[in-house]
Structures are given as C-alpha cells and as structure tokens.
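> Return atomic coordinates for the entry below.
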Amino acid sequence: MSWGDIFLAVIAVATLVMALIQVGAVIFAARLAGQVQQLATTVQQDIRPLIARANAIAEEASRTASIATAQAQKIDTLVTQLTRRVDETAAVIQEAIVAPAREGLALMAALKAGFAALRGLGDLRGRTARTEDEDALFIG
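Here you go, the predicted model:
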C-alpha cells in the first residue's frame with residue numbers, strides 16, 4: 001500500500017462519516033419539523049377559543065362604553081335641566097318674597113320717618129311754650 005492509497009482510504013472514511021452526519025442532521029431536522037408542526041397545531045387549537053373570548057370581551061366592552069356614554073349624556077341633560085329649574089325657582093322666590101319684603105321694609109321706614117316727624121313737631125310745640133314761659137320770667 002502506498003501513501004496515496006492510505007490518503008484515499010482516509011478521505012473515503014471522512015466522506016462516509018460526513019455523509020452519515022448529514023443524514024443524521026436531515027433526520028433530526030425532519031423530526032424537529034414534525035414536532036414544530038404538531039406544536040403549532042396544538043397552539044393554534046388552544047388559541048382559537050382565547051381569540052374568540054377576546055373578541056367577545058372587546059364587543060362587550062364596546063357595548064358597555066356605548067351605554068356609559070348614553071347614560072353620561074342623560075345625566076348631563078338631567079343636571080342641566082335641574083340647574084335651569086333651580087335658577088327659575090330662585091327667580092320666582094325672589095319675585096314672590098324678596099320684592100314684597102323690600103316694599104314692606106320701605107313702608108316701615110316711611111312710617112318710622114312719619115312718627116319721627118310727628119314727635120319732632122310735638123317737641124317743637126313744647127319748646128315754644130317753655131320759651132314763652134321763660135321769657136316772662138326773664139328780667140332784663
């Protein structure tokens with residue numbers, strides 16, 4: 001055997017080993033691909049109900065938001081009407097109670113002023129009579 005034959009034998013053995021490794025890698029890759037396919041199928045089957053539930057929850061949330069918006073608009077309308085009615089009631093109360101009360105207070109002030117004026121006239125008559133009496137007693 002020559003060195004050439006030995007090198008050829010080594011090359012043949014190395015090629016055989018590489019071929020076996022490649023066949024093993026292909027078999028391993030095929031098995032792995034099968035497992036990945038099976039896993040993908042399982043995940044897809046498990047996720048479908050979750051997606052359906054998520055869609056149902058999203059639809060329910062949308063309906064709830066619509067109802068909440070409508071209720072908020074109703075409350076806003078109610079509060080606006082209530083505020084307007086309170087303002088109207090306050091105006092009616094002011095017209096019905098405050099205006100006559102002011103007139104009554106004005107009448108009371110007029111009566112007070114009238115009585116004060118009458119007292120003032122009475123005080124003037126008394127002073128005039130006393131002054132005349134005092135004048136008679138004055139020696140000068």
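> Counting neighbours, what do you get for residue 25?
Other residues within reach of residue 25, judged by other CB atoms under 10 Å, total 10. Just so you know, the C-beta spots here come from the backbone N, C-alpha and C atoms, and that holds for glycine as well.
> if I look at it, how far off is residue 64?
Distance from residue 25 to residue 64, counting by CB to CB, to the nearest Å: 55 Å.
> quick one: the strands in the chain?
Counting by DSSP state E, no segments of the chain form strands.
> low pLDDT regions in it?
Within the chain, the stretches with pLDDT under 70 are 122-140.
> the helices in it, which residues?
3-93, 99-137 (DSSP state H).
> Distance from the longest one to the middle of the chain?
Distance, stretch centre to chain centre, for helix 3-93: 31 Å (CA atoms, centre = their mean, to the nearest Å).
> Who are the packing partners of that helix?
The helices and strands touching helix 3-93, judged by 3 or more CB pairs under 8 Å, 6 or more residues apart in numbering; DSSP states H and E, number zero.
> Next up, the contacts around the residue most central in space within the chain.
Nearest residue to the geometric centre of the chain (CA atoms, centre = their mean): residue 72, 10.0 Å. Contact partners of residue 72, counting by CB atoms under 8 Å, 6 or more residues apart in numbering, are absent.
> gap between residue 18 and residue 25?
Residue 18 is 10 Å from residue 25, by CB to CB.
> Return every residue with contacts to both of those two.
When CB under 8 Å, 6+ apart defines a contact, no residue borders residue 18 and residue 25 alike.
> Residue 54: neighbour count?
Residues near residue 54, counting by other CB under 10 Å: 11.
> roughly how far apart are it and residue 112?
Taking CB to CB, one finds residue 54 at 82 Å from residue 112.
> What's the separation between residue 18 and residue 108?
Residue 18 is 123 Å from residue 108, by CB to CB.
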